[in-house]
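A.B. asks: Next comes the sequence, and after it the predicted model I'd like to discuss.
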Amino acid sequence: MTLGISAGLFFAVFAATFAVTKIVLSELQQRSLLDLPNDRSSHSTPTPRGGGLAILAVILPVLLLLAMAGQIPQQQTSTLCFLTFLLAAICWTDDLRGLSPILRLAAHLAAVGVAIMLGLIDGPVFGGLLPPVLDKIAAGIVWIWFINLFNFMDGIDGIAGIETATVGIGIALLATLTGLGGGLGYIAVVLAGAATGFLIWNWHPARIFLGDVGSVPIGFLLGWLLLSITAEGYWAAALILPAYFLIDATVTLLRRMLRGERVWQAHREHFYQYAVQHGKSHAEVSCAVGLANGCLVILAVLALPDFEYWTIVAALGVTTFLIFWMLRSARNSPTDGRAE
């Protein structure tokens, strides 16, 4: 993967996503498909929801074109795009009408199960520590959790776009430096470019939201990328790149489970939501996440053999500092409402 081709691909996808998002935004406004504020929201004005349609309208054709050009594996890419499309169709129905949590989870299980059975994860994810069957089952559980945590974390303007862009850039850099196979670098560049193009419209104050049609399929694709680089031996980078999302979502889920709450229901208990509720703007919090993620990208690139554990410790330090900043914001502010 060359730097010149990657840069050209990134900016082409960025421009296309920016343009298509504008069209989708207009259509959603005309059809009054709006996300209305409620007591669990972090926004205060009705905002069009469904921006994921624009991202997928760019990502899927570009990936198929790259496959046809021989830059990424054709059969694997076709299967991945097909499963992403089906998952997006179900999520769009959920955005429009609302589906039961069981049906949503069944869709995630089906997509991940088919992907693993068809060999979309090439190699053991847990380094041979588990028998092959258990390795696949464990990888599927991790993948499903990542899909859901990414959806949970898409709660303020810009944060999902920042996460997608930085994880994509991190994997692309890793591919450039190490020669990752399977076209993983190009796929990561496509995701990063699309996320950045959408981010302009989703930056605070957001003019459009991803919706489940965006957050769930993107979580599916990012989860596949992270598991794929793990199977290639870069397990430390796969843990480091999404470290903040992993820790915030997992800690929040465990706290809610211990209190006996319904973990599938919408809420405002993530660390980033605490910061916004107590006076920090969406832009301030998303910028802080972006800055921390930039450090995580550097650590992921440095997480080569003999340095994995040191970089993981450093990544935990970066993530802990970010969460401490968010909690400190909450303690020091008397505000207790939605930030504009």
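C.D. replies: That came through, no problem.
A.B. asks: helices or strands up against the one helix or strand residue 201 maps to?
C.D. replies: Take DSSP states H and E as the rule and residue 201 turns out to sit in helix 184-202. Secondary structure elements in contact with helix 184-202, counted by 3 or more CB pairs under 8 Å, 6 or more residues apart in numbering; DSSP states H and E, are helix 3-30, helix 52-68, helix 159-178, helix 212-231. From N, CA and C alone the C-beta is placed, and that goes for glycine too.
A.B. asks: Look up how far residue 160 lies from residue 208.
C.D. replies: 12 Å (CB to CB, to the nearest Å).
A.B. asks: Those two - which one has more neighbours?
C.D. replies: Neighbour count, other CB atoms under 10 Å: between residue 208 and residue 160, residue 160 has more, with 28 against 25.
A.B. asks: What about residue 242? Give its phi and psi, please.
C.D. replies: phi -100, psi 20 (degrees, to the nearest 10).
A.B. asks: Counting neighbours, what do you get for it?
C.D. replies: 24.
A.B. asks: again with residue 148
C.D. replies: The burial count for residue 148: 21, using other CB under 10 Å.
A.B. asks: And what about it, helix, strand or coil?
C.D. replies: The local conformation at residue 148, judged by DSSP: H, G, I helix; E, B strand; the rest coil, is helix.
A.B. asks: ok, back up a step: anything in contact with each of residue 208 and residue 160?
C.D. replies: Common contacts of residue 208 and residue 160 (CB atoms under 8 Å, 6 or more residues apart in numbering): residue 202.
A.B. asks: Show me which residues of the strand or helix carrying residue 328 are buried.
C.D. replies: Taking DSSP H and E as the criterion, residue 328 maps to helix 308-332. Across helix 308-332, burial judged by 16 or more other CB atoms under 10 Å covers 308, 311, 312, 314, 315, 318, 319, 322, 323, 326, 329, 330.
A.B. asks: Same list (those residues) but as JSON lines, adding pLDDT and distance to residue 167.
C.D. replies: Shown next, in JSON lines, are the buried residues of helix 308-332 (pLDDT from 0 to 100; distance: CB to CB, whole Å):
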{"residue": "308", "pLDDT": "91", "distance to residue 167": "18"}
{"residue": "311", "pLDDT": "97", "distance to residue 167": "16"}
{"residue": "312", "pLDDT": "97", "distance to residue 167": "16"}
{"residue": "314", "pLDDT": "97", "distance to residue 167": "17"}
{"residue": "315", "pLDDT": "98", "distance to residue 167": "13"}
{"residue": "318", "pLDDT": "98", "distance to residue 167": "15"}
{"residue": "319", "pLDDT": "98", "distance to residue 167": "14"}
{"residue": "322", "pLDDT": "97", "distance to residue 167": "15"}
{"residue": "323", "pLDDT": "96", "distance to residue 167": "18"}
{"residue": "326", "pLDDT": "94", "distance to residue 167": "20"}
{"residue": "329", "pLDDT": "69", "distance to residue 167": "24"}
{"residue": "330", "pLDDT": "58", "distance to residue 167": "26"}
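A.B. asks: TSV for those residues, including distance to residue 204?
C.D. replies: Shown next, in TSV, are the buried residues of helix 308-332 (distance: CB to CB, whole Å):
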residue	distance to residue 204
308	36
311	31
312	32
314	29
315	26
318	23
319	22
322	18
323	20
326	16
329	16
330	19
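A.B. asks: Out of those residues, the closest to residue 240 would be?
C.D. replies: Nearest to residue 240 among the buried residues of helix 308-332 is residue 315, at 4.3 Å by CB to CB.
A.B. asks: Look up how far residue 315 lies from the closest residue to residue 311 other than its chain neighbours.
C.D. replies: Nearest non-adjacent residue to residue 311, counting by CB to CB, 6 or more residues apart in numbering: residue 303, 4.1 Å away. To residue 315, residue 303 is 8 Å away according to CB to CB.
A.B. asks: ok so, going back, mind pulling the model confidence for the residue nearest to residue 311?
C.D. replies: Residue 303 carries a pLDDT value of 92.
A.B. asks: I'd say it and residue 240 touch.
C.D. replies: Yes - counting by CB atoms under 8 Å, residue 303 sits close enough to residue 240 to count as a contact (5.9 Å).
A.B. asks: Tell me the residues that contact both of those two, please.
C.D. replies: 311, 312.
A.B. asks: What residues does residue 177 make contact with?
C.D. replies: Taking CB under 8 Å, 6+ apart as the contact definition, residue 177 lies against residue 301.
A.B. asks: State the distance from it to residue 185.
C.D. replies: Distance from residue 177 to residue 185, by CB to CB: 10 Å.
A.B. asks: Can you check which residues contact both of residue 303 and residue 315?
C.D. replies: residue 240.
A.B. asks: Can you show me the CA trace of stretch 63-81 as CSV?
C.D. replies: Taking Å, rounded to 0.1, in the frame of the first residue of the first chain, the C-alpha atoms of stretch 63-81 are listed here in CSV:
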residue,chain,number,x,y,z
LEU,A,63,-15.0,-1.2,-1.7
LEU,A,64,-16.5,-3.2,-4.6
LEU,A,65,-14.6,-1.1,-7.1
LEU,A,66,-11.3,-1.7,-5.3
ALA,A,67,-12.1,-5.4,-5.3
MET,A,68,-12.8,-5.4,-9.0
ALA,A,69,-9.5,-3.5,-9.6
GLY,A,70,-7.7,-6.3,-7.6
GLN,A,71,-6.6,-4.0,-4.8
ILE,A,72,-8.5,-6.0,-2.1
PRO,A,73,-9.8,-9.6,-2.1
GLN,A,74,-12.9,-9.8,-4.3
GLN,A,75,-14.9,-12.7,-2.8
GLN,A,76,-14.2,-11.6,0.8
THR,A,77,-15.1,-8.0,0.0
SER,A,78,-18.3,-8.9,-1.8
THR,A,79,-19.4,-11.0,1.2
LEU,A,80,-18.5,-8.2,3.6
CYS,A,81,-20.4,-5.6,1.6
